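Visitor: only geometry, no sequence info:
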């Protein structure tokens, strides 16, 4: 085993391979970022929709709640396949990268929506009432009262979700996107040792995930302390 | 769009899908309990162990929570045969998920351990309880109530997300079955829509059951939704 | 025609009826006080007026015009003319004092910011907080926060001011500064509907005292009549219990 590794390591860490893997890592990070950020914005609107009051808005609320409750309970792999086949039924030559981003987006929307809703609900209802009786519209209340107080509660878990999702993107290798796990499989198929390949790739994911996770924890601590709030 | 939905063909194979769901459940339960035991051990090491034991547990946790479960499974499936260990695809997924779960559960349980008051433990000590006995008779019953929601939720996560990863290396759990059948009847879209519905139903049943168990056994007001 | 005419209003919370057949009137410049035990529906009446709880029966008229709580436009118009100060002050924690007082006139009513800030300065001086323009709510005492809340309500130039137990959440030593502020408003001729437990204060400033119990009006009349010589047994019990000073 050790001789095999000694043999393969120089070839494995060749310039070509490293460039390929670096690009793949970039793809992984880009997919994650795009999918999660777009998902966040859609989720924001979804939560707004979900909280629309009044009898006539019931269908809107139902749609929003249903989306969130359903797509939080379907495995990411299944969502990937669904998006793949659904899109290919319409657009036969859609790029795999965009399919992956859409799948990430759908999944992220459902999860982030709960984070956002939690943030909104963390603002005491009485302040919302005070705004309401002063004739603030819902939108005005949202941007003048709720969001300024909710965002320190929303951002850390939202970022933590995105960072955690870097690992989940490994599944899009299944539809052929040229990300890290796909390249790893490729290299393994080319004959490199599984221990070498997957060990290295695991380490690659680690170097992306761990520092960012620590950053997220630092950010959370920073936003939770009273020091960050505006002071004269 | 030139695609006609033919759900009939997909639904004909429902029994096989449900068998896959059974395997999903089995994998989920086994991986969860295995992970829970590891979690208990890991949390104990982190709290009571010396620096070496703490470091060991911490390394394990940090490694398994910052790498994808799929890569962990690939490592077992493609890497181990090279040193002579040839596990079935099912075993690789089971062990991989268990190790993965163990890392997360270590952290969940550690948080629970820390919440137990020192005085309760000292009382146990004066009664002559060994560390192990303290853990078993004081800590676990005490924290069970507090960490139950987190653990119950984690179980749903393993059940739904974790086990589907097995499909990638050919395990015939729910997603795997969906893939198998689709390659035969070419009704990919319908099969996966049905599969998605089964997952949603499965997790609702699991959430509600766990919430009810929580209320009955621990008087925990766990959320159903 | 009365300024504010509340007729046979009912309100329910689920199956429980919180207000049963409440009627009272408020005329311009009048100070009407609502008193009674907890749960009697006093605060609920104010909330109904401001459209926070729906009335299930009865009518409320402002200057003879009925407020239709089912129609948004009608509720908005009513809210334009009345302002409420809550027991818990409900200040916006993300804005400083000046921000709290000016946000509604500037952003909701669209008035000129410079004008509004000048007015706000005068209002804050009136409630005794000239040096606190840039303070945030969590830097102020309860009494100070409540005075900001009063200034915030006054900045809307309401015709009627509703005060919902505005001193009940305050430490005793802070109650007087708020009562003084209210006394000044009474002297200015502000029309007010006050819910309060401060019987001495009520006796002093109110033109009419309305006693409520279990969602109904038990007695109504001049302060001396009601508080000193209550007619019904319920009222006597209530006042007897609380008037120990």
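Guide: The structure has been received and is ready for your questions. This structure is a prediction, so every number in the text was calculated from the model and none was measured. Numbers count the residues shown, from 1 in each chain, chains lettered A, B, ... in the order given.

Visitor: Can you name the residues of chain C sitting close to chain A?
Guide: Residues of chain C lying close to chain A (Cβ under 8 Å from any Cβ of the partner chain) are C:50-52, C:76, C:79-80, C:83-84, C:86, C:88, C:90-94, C:96, C:103-104, C:107-108, C:134-136, C:156. Bear in mind the C-beta positions are built from the backbone N, C-alpha and C, glycine included.

Visitor: Those residues in strands, which ones?
Guide: C:83-84 (DSSP state E).

Visitor: and chain B, which of the residues of chain C next to chain A reach it?
Guide: Checking the residues of chain C next to chain A against chain B (Cβ under 8 Å from any Cβ), there are no matches.

Visitor: I'd like to know which of the residues of chain C next to chain A are buried.
Guide: Buried members of the residues of chain C next to chain A, scored by 16 or more other Cβ atoms under 10 Å in any protein chain shown, are C:50-51, C:79-80, C:83-84, C:86, C:88, C:90-94, C:96, C:103-104, C:107-108, C:135-136, C:156.

Visitor: The residues you listed in helices, which ones?
Guide: Residues of those located in helices (DSSP state H): C:79-80, C:103.

Visitor: helices and strands of chain B: which one bottoms out on pLDDT?
Guide: Least confident helix or strand of chain B, by mean pLDDT, DSSP states H and E, is helix B:118-126 with a mean of 70.

Visitor: And the next helix or strand past it?
Guide: Where DSSP states H and E defines the elements, the next helix or strand beyond helix B:118-126 is helix B:131-134.

Visitor: got any ranges where the chain has weak pLDDT?
Guide: No chain in the question, so chain A it is. A:225-232 (pLDDT under 70).

Visitor: if you could check chain C rather than the one you did, that'd help
Guide: The low-confidence ranges in chain C, as defined by pLDDT under 70, are C:229-231, C:242-245.

Visitor: could you pull out the helices for it?
Guide: C:42-49, C:72-81, C:97-103, C:113-126, C:142-154, C:172-187, C:199-205, C:223, C:233-242.

Visitor: so how far is the fifth one from its chain's centroid?
Guide: Here helix C:142-154 is found 12 Å from its chain centre; the criterion is Cα atoms, centre = their mean, to the nearest Å.

Visitor: now that helix against helix C:172-187, angle please.
Guide: Angle, helix C:142-154 to helix C:172-187, by axes from the mean of the first three to the mean of the last three Cα atoms, to 10 degrees: 20 degrees.

Visitor: With the second one instead?
Guide: Per the same axes, to 10 degrees, the angle that helix C:72-81 makes with helix C:172-187 is 100 degrees.

Visitor: Please see if the helix or strand where residue A:8 lies touches chain B.
Guide: Residue A:8 belongs to helix A:2-12 when assigned by DSSP H and E. Yes: against chain B, helix A:2-12 shows contacts by Cβ under 8 Å from any Cβ at residue A:4.

Visitor: And that helix, what does it pack against?
Guide: Using 3 or more Cβ pairs under 8 Å, 6 or more residues apart in numbering or on different chains; DSSP states H and E, the elements in contact with helix A:2-12 are helix A:194-224.

Visitor: what sits against residue C:167?
Guide: C:146, C:175, C:178-179, C:196-198 (Cβ atoms under 8 Å, 6 or more residues apart in numbering or on different chains).

Visitor: hang on, I meant residue A:39
Guide: Residue A:39 makes contacts with A:104-109, A:112, as judged by Cβ under 8 Å, 6+ apart.

Visitor: for it, helix, strand, or coil?
Guide: helix (DSSP: H, G, I helix; E, B strand; the rest coil).

Visitor: do you know how far it is from chain C?
Guide: The gap separating residue A:39 from chain C is 26 Å, by Cβ to the nearest Cβ, to the nearest Å.

Visitor: And for residue A:164?
Guide: For residue A:164 relative to chain C (Cβ to the nearest Cβ), the value is 29 Å.

Visitor: what's the helix or strand for that residue?
Guide: helix A:147-168.

Visitor: In chain B, what residue comes closest to chain A?
Guide: In chain B, the residue that lies nearest chain A is residue B:78 (3.2 Å; Cβ to the nearest Cβ).
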